[in-house]
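>>> Pasted the sequence and its predicted model underneath.
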Amino acid sequence: MLTTSAYYKQFTDEELFKLVKADDQKAFGEIYARYWPSLTATAGRHLQSRAKAEDIVQEIFISFYNRRNLVELSISLKAYLTQALKFKVMNEYRSQVVRQAYQKTVFYTTSQNSDCHNAYETKELTYYINRSIKRLPDKCRQAFILSRAEDLSYKDISGQLGISVSTVEKHISKALRVLKTSLNMCA
């Protein structure tokens, strides 16, 4: 007795295609099993990406199944699927070219425009940060500068300022809150 998969393996592509048109999903499964590996390998060689190759082949099979009643094969099923793959790969190449051109344009435009803006914005932001830091209470300002400018740990700051680590944490939290508030007002 033949198993279901062995039963469908004995059919030709044309016979399987007729069964697929009659909504036989197991016949479609056999076509899928026959051509998935070779189509994916071919697409992978062209696209240098296994994931893209699998996506494209999946799209081909979904389209083939959805259009099964509209498709009339004038060539072999293998040739039909190979041709569909060729068109999908070509479309992927075109899409990549368009994406790359867009990225270059956006990057070029952004980098040209942003150089002047960045310098001005950096200068302005630095001014607001320094102004806010100067307005902090003395110990709070010292703790913040030691933490950020000199990159000291809270323990080192507490030893240097003669205060507890928890007090250093409170000073840093307060400084950050004040900076955040003052910078939000500037924006």
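Thanks, I have the structure now.
>>> When you work out contacts or count neighbours from here on, use the C-alpha atoms and nothing else.
Fine.
>>> quick one: contacts for Phe28?
The contact partners of Phe28, taken as CA atoms under 8 Å, 6 or more residues apart in numbering, are Leu16, Phe17, Leu19, Val20, Tyr65.
>>> Would you agree the fourth one is in contact with Asn66?
No. At 10.6 Å, Val20 does not count as touching Asn66 under the criterion of CA atoms under 8 Å.
>>> These two: which is more packed in?
A direct count of neighbours by other CA atoms under 10 Å for Val20 and Asn66 places Val20 higher, at 20 against 11.
>>> which intervals of this structure have sub-threshold pLDDT?
1-4, 99, 102-117, 186-187 (pLDDT under 70).
>>> can you tell me which of the contacts of Phe28 are in helices?
Those of the contacts of Phe28 mapping onto helices are Leu16, Phe17, Leu19, Val20, Tyr65, per DSSP state H.
>>> Just give the closest residue to Ile56, not the sequence neighbours.
Lys88 (6.7 Å; CA to CA, 6 or more residues apart in numbering).
>>> do you know how far Asn129 is from Lys78?
Just so we're on the same page, residue 129 is Ile rather than Asn. To Lys78, Ile129 is 67 Å away according to CA to CA, to the nearest Å.
>>> no, scratch that, I was asking about Glu14
10 Å.
>>> likewise Arg131?
Following CA to CA, the distance that separates Arg131 from Lys78 is 72 Å.
>>> Okay, strands next: where are they in this structure?
Remark: no strands are assigned in the chain by DSSP state E.
>>> Counting by contacts, list what the biggest helix by length in it packs against.
Looking across the chain with DSSP H, the single longest helix is helix 77-134. Counting contacts by 3 or more CA pairs under 8 Å, 6 or more residues apart in numbering; DSSP states H and E, helix 77-134 is packed against helix 13-21, helix 25-47, helix 50-66, helix 165-186.
>>> mind putting those in TSV, distance to Ala84 included?
TSV is the format used below for the helices and strands packed on helix 77-134 (distance: least, CA to CA, whole Å):
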stretch	distance to Ala84
helix 13-21	16
helix 25-47	10
helix 50-66	7
helix 165-186	55
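>>> Would you mind telling me which of those is nearest Tyr93?
helix 25-47 (8.2 Å; CA to CA).
>>> Would you mark the buried spots in the closest one?
Using 16 or more other CA atoms under 10 Å as the test for burial, helix 25-47 gives Ala27, Phe28, Glu30, Ile31, Tyr35, Trp36, Leu39, Thr40, Thr42, Ala43, Gly44, Leu47.
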